[in-house]
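[1] Below are the sequence and a predicted model for it; my questions follow.
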Amino acid sequence: MLIRQRGPPGPRPTSTAGSPMPMGSSADDVLAFMRGTDMAQVLMTGVDPGTAERAWTAIKAALHAHAEPGGITLAGTAWLVAARRAG
């Protein structure tokens with residue numbers, strides 16, 4: 001979605017919200033979920049199988065860095081942008 005900015009150029013009021021995101025019980029569990037997402041399908045479209053497999057192996061290794069006894073938890077962060085209707 002494109003948001004058009006009205007008024008003088010410059011920063012808009014924003015803040016950051018963050019919360020831990022439990023992703024799954026293991027790196028294999030999270031990887032299986034990620035591989036099935038629309039985003040993964042789009043990102044891997046046209047990628048040769050060897051490159052895709054190397055990418056998934058690297059992602060799995062990165063997920064292992066977030067493994068805890070309760071599973072894989074990643075940091076979830078979002079920007080909150082304040083806006084008001086013109087007029």
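    Right, received. Where do you want to start?

[2] Helices along this protein, start to end?
    27-35, 38-44, 49-64 (DSSP state H).

[3] Out of those, flag the one nearest Thr14.
    Proximity to Thr14 (Cβ to Cβ) singles out helix 38-44 among the helices of the chain, at 23.9 Å. Heads up, the C-betas are built off the backbone N, CA and C, glycines and all.

[4] Distance to Arg84 added to the helices of the chain, as a markdown table?
    Below are the helices of the chain laid out as a markdown table (distance: least, Cβ to Cβ, whole Å):
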| stretch | distance to Arg84 |
| --- | --- |
| helix 27-35 | 37 |
| helix 38-44 | 32 |
| helix 49-64 | 40 |
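
[5] Tell me which of those is the most buried.
    The highest mean neighbour count among these, using mean count of other Cβ atoms under 10 Å, belongs to helix 27-35: a mean of 15.

[6] from the chain's centre, how far out does that one sit?
    Its chain's C-alpha centre and that of helix 27-35 lie 14 Å apart, by Cα atoms, centre = their mean, to the nearest Å.

[7] Can you pull the poorly scored residue ranges out of this protein?
    Scanning the chain for pLDDT under 70 picks out the ranges 1-13, 87.

[8] Report the central residue of it.
    Compute the mean C-alpha point of the chain, and by Cα atoms, centre = their mean the closest residue is Gly76, 8.0 Å away.
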